[in-house]
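> My questions are about this predicted structure, shown below with the sequence.
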Amino acid sequence: RLGVAYYTGDGVEEDKPRSLHHFQQAAMKGHVASRNNLGAAEYRDGNYELATQHWMISAKMGYEKSLNAIKDMFKQGHATKAQYTEALLGYRDAVEEMK
């Protein structure tokens, strides 16, 4: 929440570097939505390879938004078929484990 607040300026002064710091801290502790947010930030900055790496991690943790982001990147030519396949299989395995 804190990362999103700083990113959007919701209730605090907008501070993108500080928001990314909070996303990174949370992602390193396993917070899947923060990892997804790091991917989105990298994508917006045009860092498609880093975005894909972040989204691969969260997709393999069962986060559907990240899987869909990689699918969109594949359709746009920014991710490979192998990356999308790896994300899809990792997502499937994570969802199966949660049943």
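Looks like it arrived, so ask away. This structure is a prediction, so every number in the text was calculated from the model and none was measured.
> ok, Tyr7 touching Pro17?
No. Under the criterion of C-beta atoms under 8 Å, Tyr7 makes no contact with Pro17, lying 10.0 Å away. The C-beta positions use only the backbone N, C-alpha and C, and glycine is treated the same way.
> so how many other residues sit close to Ala82?
Ala82 has 9 neighbouring residues, counting by other C-beta atoms under 10 Å.
> Read off the pLDDT value for it.
Ala82 is assigned a predicted lDDT (pLDDT) of 97.
> and the helix or strand hosting Leu88, which residues are buried?
In the assignment (DSSP states H and E), Leu88 maps to helix 81-98. Neighbour-count burial for helix 81-98 flags 83-84, 86-88, 90-91, 94 (criterion: 16 or more other C-beta atoms under 10 Å).
> Tyr7 and Pro17: who's more crowded?
A count of neighbours by other C-beta under 10 Å puts Tyr7 above the other of Tyr7 and Pro17, at 20 against 7.
> residues in contact with the more buried one?
Applying C-beta atoms under 8 Å, 6 or more residues apart in numbering to Tyr7 gives the contacts 14, 16, 19-20, 23, 37, 41.
> Show me what secondary structure element comes after the helix or strand hosting it.
In this assignment (DSSP H and E), Tyr7 forms part of helix 2-8. Per DSSP H and E, helix 2-8 leads on to helix 16-28 as the next helix or strand towards the C-terminus.
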